[in-house]
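Enquirer: Here is my input; please provide its structure:
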Amino acid sequence: MENAPVLTTLIFHKPYGVLSQFTPEAGSAWGCLEDLIDMPGVYAAGRLDADSEGLLLLTSNGRLQQRLTDPAFGHWRRYWAQVEGNAAEHPEALESLRQGVTIQGQRTLAAKAMLLPDPGLPERNPPIRERQAIPTSWLQLELREGRNRQVRRMTAAVGLPTLRLLRVAIDLMDGEAPLDLEGLNPGQWRRVSPAEEQRLDQLLVPSKDLKRGSQVRTSPGRIQQGRPSPGRGGRAGGGKSGRGGGGG
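Expert: Take a look at the predicted model:
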């Protein structure tokens, strides 16, 4: 009897300029995952735009990939955005981000938004564009949906265009610390630890809350039938170009 294949999950710090896929695109200047990850059989569970950086999970477990990208579960994803303008002078902009803004004719779900002290990251390669007369500042945003270029569209809608964007954490919503980029420089990856693997496996255990017809409270004052979260916007995987999904 053949042994079951060993399933692998990786945490990757995706650098700028890399598509969230293993095959290059014809005519594209973007790199791809094949340039940085020598691990057969793993695929991105969610995506980041090629011009975004940060945390990308890759797995050979198809069920886990589907679970992590299903908008019904709405895992909180944390982003750091360097924006054009001094966000501290525009508290109303942060409040709008928290309440939801309308982009592409649809209102976003409520988000978490706060000012972020300069995290002191190494300069991006290539550097962001800066205008001498306009300052930049940093925001921390947390979203539970992954629409196309959502963070950028949201900050632009409140007058704070995003210049640099990183996803820094994904909350498994199990009461433990989110998965993050600790110890990883851009372009580096690692296998999940045994404890992290156990937590991910628990996501695949059926919950009685997901029985058809059950009522699950998804947000204050809102009841939803048979689904655990109000996440929406399609799978957080997006399109072939790496420009869709994941919010980034």
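Enquirer: So what's the gap between stretch 62-81 and the chain middle?
Expert: If you compare the mean C-alpha spot of stretch 62-81 with that of the full chain, they lie 7 Å apart, counting by CA atoms, centre = their mean, to the nearest Å.
Enquirer: Show me which residues of that stretch are buried.
Expert: Neighbour counts over stretch 62-81 (16 or more other CB atoms under 10 Å) mark 64-65, 67-81 as buried. C-beta: built from backbone N, CA, C; applies to glycine.
Enquirer: Which stretches in the chain count as strands?
Expert: 9-14, 43-44, 53-59, 77-84, 102-103, 106-107, 112-116, 136-143, 162-170, 179-180, 189-191, 215-219, 222-225 (DSSP state E).
Enquirer: The fifth one pairs with which strands?
Expert: Next to strand 102-103 in the sheet, as set by DSSP bridges, lie strand 106-107 (antiparallel).
Enquirer: ok, now the fourth one?
Expert: Using DSSP bridges, strand 77-84 pairs in its sheet with strand 136-143 (antiparallel), strand 162-170 (antiparallel).
Enquirer: Where does the prediction get shaky in this protein?
Expert: With pLDDT under 70 as the threshold, the chain has low-confidence stretches at 1-5, 208-246.
Enquirer: where do the helices sit along it?
Expert: Counting by DSSP state H, the segments of the chain that form helices are 62-69, 91-99, 150-157, 194-202.
Enquirer: can you list contacts of the last one?
Expert: Applying CB atoms under 8 Å, 6 or more residues apart in numbering, the contact partners of helix 194-202 are 9, 11, 59, 61, 64, 172, 174, 176, 179, 192.
Enquirer: Now with 6 Å, please.
Expert: The set of residues that contact helix 194-202 without belonging to it, under CB atoms under 6 Å, 6 or more residues apart in numbering, is 64, 172, 174.
Enquirer: and the residue nearest to the first one when sequence neighbours are not counted, how many neighbours?
Expert: Same thing as residue 64. On the basis of CB to CB, 6 or more residues apart in numbering, the spatially nearest residue to residue 64 that is not a chain neighbour turns out to be residue 200, at 5.9 Å. When counting by other CB atoms under 10 Å, one arrives at 22 neighbours for residue 200.
Enquirer: Check residue 128 too.
Expert: Neighbourhood size, residue 128 [other CB under 10 Å]: 13.
Enquirer: Could you verify my assumption that it touches residue 163?
Expert: Yes - distance between residue 128 and residue 163: 4.3 Å, which falls inside the contact criterion (CB atoms under 6 Å).
Enquirer: any idea how far the nearest residue to residue 150 once chain neighbours are set aside lies from residue 66?
Expert: Leaving out its chain neighbours, the residue that sits closest to residue 150 by CB to CB, 6+ apart is residue 247, at 4.3 Å. As judged by CB to CB, to the nearest Å, residue 247 and residue 66 stand 18 Å apart.
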